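Novice: Predicted coordinates and the sequence they were generated for:
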Amino acid sequence: MDFAALAHNMSAPPKSVIKYEGLSGLVKRNLPGGTGVTSVGYKNSYPVGTPMRFSIPQSLLRASPEELLVALEGDGRHGDSESTLDELTRRIAKHARAIPLPEGCAVIPTQAAFPSPLPGLLDALVVITQSTNSVWLKSKSPLLSRLHTTQSVSLLIPDRYANALLRSKP
């Protein structure tokens, strides 16, 4: 099969505007738009969920895996750098399975005023290393390189999970 035949078999024709209105009843439009030329503005910023922030201390931004393990437990002796990296990745993945969050959450712009109900370093490492610019996924493999550029990530957490987290906060 040549490229032209493959490109011709696309599921949506070029210049198509795909529109999803599944949650549109939960928000009020503030500005016109949604035609593909301009975007839509909304009055209520976070209609479905509670924004929460997860941050690592500034001193640990760009920290090595060894430094992160020392910060987590006070003992960073895990042999060579490869085993240290494996150990840190293993801990993050294990904690991700236990963290009281849904399988996925939307990533939103961070604001200092957002609550931080899980202030632990390992909680922040889970969220930062398993998120992209738009979504956090519980089952995603940790990407430690995000710790070189990202100090804080905020998630839009469904109310059922957010309420439980806020109630359990010490």
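Specialist: Happy to help now that I have it.

Novice: shaky segments in the protein?
Specialist: 1-47, 75-81, 169-170 (pLDDT under 70).

Novice: Next, please give the residue ranges for the helices of it.
Specialist: Assignment of helices within the chain using DSSP state H yields the ranges 3-8, 65-73, 81-98, 121-129, 159-168.

Novice: out of the ones you listed, which comes closest to Ser145?
Specialist: With CB to CB as the criterion, Ser145 lies closest to helix 121-129 of these, at 8.6 Å. Heads up, the C-betas are built off the backbone N, CA and C, glycines and all.

Novice: Just name the most buried of the helices of the chain.
Specialist: Highest mean neighbour count of the helices of the chain: helix 121-129, a mean of 23 (counted as mean count of other CB atoms under 10 Å).

Novice: Quick one: list the elements packing against that one.
Specialist: Judged by 3 or more CB pairs under 8 Å, 6 or more residues apart in numbering; DSSP states H and E, helix 121-129 is in contact with strand 50-55, helix 65-73, helix 81-98, strand 152-157.

Novice: residues near the nearest residue to Ala106 once chain neighbours are set aside, how many?
Specialist: Leaving aside its chain neighbours, Ala106 sits nearest to Leu156 (4.4 Å; criterion: CB to CB, 6 or more residues apart in numbering). By the other CB atoms under 10 Å criterion, the neighbourhood of Leu156 contains 19 residues.

Novice: how about Leu156, what does it touch?
Specialist: Under the criterion of CB atoms under 8 Å, 6 or more residues apart in numbering, the neighbours of Leu156 are Tyr46, Val48, Gly49, Thr50, Pro51, Cys105, Ala106, Val107, Ile108.
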